[in-house]
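Peer 1: Predicted structure and sequence below. I'll ask about it afterward.
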Amino acid sequence: MNTFCESLSHMAAPLLYLFSATLFILGLKRLGKVRTATSGNNLAAVGMLLAVLGTLIEMGLVDYQWMIIGVLAGSLVGAVTAYKVPMTSMPEMVALFNGFGGAASALVSLAVVWASLPDEGLVKTGTLASHLGATETVTSAASILIGAITLTGSLIAFLKLQGRLNHGKAILLPARHAANILLAITTIACAAWAGFFAETPLDIVLGILAFSACALLLGILLVIPIGGADMPVVVSLLNSYSGIAAAATGFAIGNQLLIIAGALVGAAGIILTQIMCVAMNRSLLNVLVGGFGEQSSGEGSTDTEYTTVTSCGAEEAAMLMENVESVIVVPGYGLAVAQAQHTVRELATLLEARNITVRYAIHPVAGRMPGHMNVLLAEADVPYEQLVEMDAINPDFKNTDAVIVLGANDVVNPAAANDKASPIYGMPILNVHEARTVFVIKRSLSPGYAGIKNTLFESDNTMMVFGDAKKVLQDLIKEIKEL
Amino acid sequence: MMGPILIGLYVFVLASFLGFEVITKVPPTLHTPLMSGANAISGITIVGALAMVQHFDTQLATLFGVVALFLATINVVGGFLVTDRMLRMFAKKKR
């Protein structure tokens, strides 16, 4: 009986881990459907709680002081940021959290490595691999490498999405591909030396430090040449990396749950990245090489000057809108920046009261993340049925009286459909140029993140309404009320 | 007989395939919440961090463990809460 209880207590933690892994799988599956997504997220969170519980049971009675401090401080920071961040900054937030996850994986592996080092200082005591085991050394190194790249890469992505780093534009260093390859080789060489050749603890430590520094630098250099418009793809890919880093940590500490959850996230992240690339008609390699759109603007092959732009004020726009029957709103990043989601909903209600049908055309990559616009408009209680996806709404533009483009640019650029020389040629767009009148509400004629001219702005049926999206919409509402 | 590393490799490969299969068809609306939710799951490294905090008496290793625990907890708690906040907006308008 006693041995039965004993084996049960030994089984408790692994069984909890298994249960937790099951909840992660179910949770991810349910997160993929609108009806079940909330419950999916809850299941995954419960899975995480069980995993932590399992670990505590496995440890038995130990000194909890540092655990409590770490968990409490982390929960506090996590919860406060999660509640305080505005909906418009969600993509940055995901990037930042993701970076922290990668850093945590790398630090756990560093702790494993450090704990196996003997204290003898300069005395020869054998290689790291001889203390830790060859496989553990390799998997720890993989975890540190991927975790460090995830950390600095995500931080750069965070800064770019905030527009703080060179206004989100690509930063192109000379000979960057050669430099990156050289740095990658140096990084692996440092790891190999620290793990298998250095024989005194001091040498090992120096090797690990050089290795970590190279890995951190690599993360920065890999992401800076990529333009702000491609950041969602980068964040999605880094999300996949942080999963793989967690799986590598799982190998290093011999924990199956880390391997399962890490592999799940790694695979899911790659699929999501692929979906985003398809939506932009680009290959992942094309995104990662970076510098998108920068070359063409320099060569003068595409003219960036606008010639025949027609602009009007809110009053004129309101008068033109008086006689329409159908309106399609095309939201973009400008809507998020101006926090205009509630104002656009107010305008829609006003138009609907005049028997005008209002719908929203959602491009798969509008905003800074797929689904970014859906989240924003949902916040303003826009009915779900009014949000129409690209393929469903494209045939309707030619029968539409007025289109309001709110801070969207590249996703409505007709050059993608008819200018073979354009760098975005072939990207699926919303065919707003087919509508009778197009109002483009935008702060200026400055190019979008692809850095190219938008031929829509020169079109005969386009009216530019310059100004902040929210301000213009407020004026428009006021004018329509006065009609 | 399979060593633990080999078992781990089996688990890794099979779980990767599971990840591919579970995700394939997702409406664009859910891409951001899904990314955020998956990101929170990658905070599973919190389990490793917990183990590191108690296992070793080397001060530096424990320090790494505590920092790892702090960051992983931010990833987990922040990730799940942010995802929930986004999803709640979809749930609200259905009523």
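Peer 2: Arrived safely. Numbers count the residues shown, from 1 in each chain, chains lettered A, B, ... in the order given.

Peer 1: Report the contact partners of residue B:78.
Peer 2: Counting by C-beta atoms under 8 Å, 6 or more residues apart in numbering or on different chains, residue B:78 touches A:77, A:78, A:79, A:81, A:82, A:93, A:97, B:40. Where you see a C-beta, it was placed from the backbone N, CA and C, and this is true even at glycine.

Peer 1: Cross those against helices and list the overlap.
Peer 2: A:77, A:78, A:79, A:81, A:82, A:93, A:97, B:40 (DSSP state H).

Peer 1: and the helix or strand where residue A:159 lies, how far from the chain's centre?
Peer 2: Assigned by DSSP states H and E, residue A:159 belongs to helix A:134-161. Counting by C-alpha atoms, centre = their mean, to the nearest Å, helix A:134-161 is centred 16 Å from the centre of its parent chain.

Peer 1: So which elements touch it?
Peer 2: helix A:90-115, helix A:128-132, helix A:176-192, helix A:201-223, helix A:231-253 (3 or more C-beta pairs under 8 Å, 6 or more residues apart in numbering or on different chains; DSSP states H and E).

Peer 1: Give me the contact status of the first one with chain B.
Peer 2: Yes: using C-beta under 8 Å from any C-beta of the partner chain, helix A:90-115 reaches chain B at A:90-91, A:93-94, A:97-98, A:100-101, A:103-105, A:107-108, A:110-112, A:114-115.

Peer 1: what's the closest of the ones in helices among the contacts of residue B:78 to residue A:433?
Peer 2: Nearest to residue A:433 among those, counting by C-beta to C-beta, is residue A:93 at 34.7 Å.

Peer 1: Restricted to buried residues, select the contacts of residue B:78 in ChimeraX.
Peer 2: If you want just the buried ones from the contacts of residue B:78 in ChimeraX, going by 16 or more other C-beta atoms under 10 Å in any protein chain shown, the selection is:
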select /A:77,78,79,81,82,93,97 /B:40
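
Peer 1: Need the contacts of residue B:78 in TSV (columns: pLDDT and distance to residue A:389).
Peer 2: Shown next, in TSV, are those (pLDDT from 0 to 100; distance: C-beta to C-beta, whole Å):
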residue	pLDDT	distance to residue A:389
A:77	94	36
A:78	93	33
A:79	93	34
A:81	91	31
A:82	90	28
A:93	88	25
A:97	94	28
B:40	94	26
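
Peer 1: and which of the contacts of residue B:78 is nearest residue A:357?
Peer 2: Using C-beta to C-beta, residue A:93 is the member of these that lies nearest residue A:357, at 34.9 Å.

Peer 1: lowest-confidence helix or strand of chain A?
Peer 2: Using mean pLDDT, DSSP states H and E, helix A:294-299 stands out as the lowest-scoring helix or strand of chain A, at a mean of 38.

Peer 1: helix or strand right after that one?
Peer 2: Criterion used, DSSP H and E; the element after helix A:294-299 is helix A:314-321.

Peer 1: three-state assignment of residue A:445?
Peer 2: The local conformation at residue A:445, judged by DSSP: H, G, I helix; E, B strand; the rest coil, is coil.

Peer 1: How many residues are close by the closest residue to it other than its chain neighbours?
Peer 2: Ranked by C-beta to C-beta, 6 or more residues apart in numbering or on different chains and with sequence neighbours excluded, the top spatial neighbour of residue A:445 is residue A:306, at 5.5 Å. The tally of other residues near residue A:306 (other C-beta atoms under 10 Å in any protein chain shown) stands at 13.
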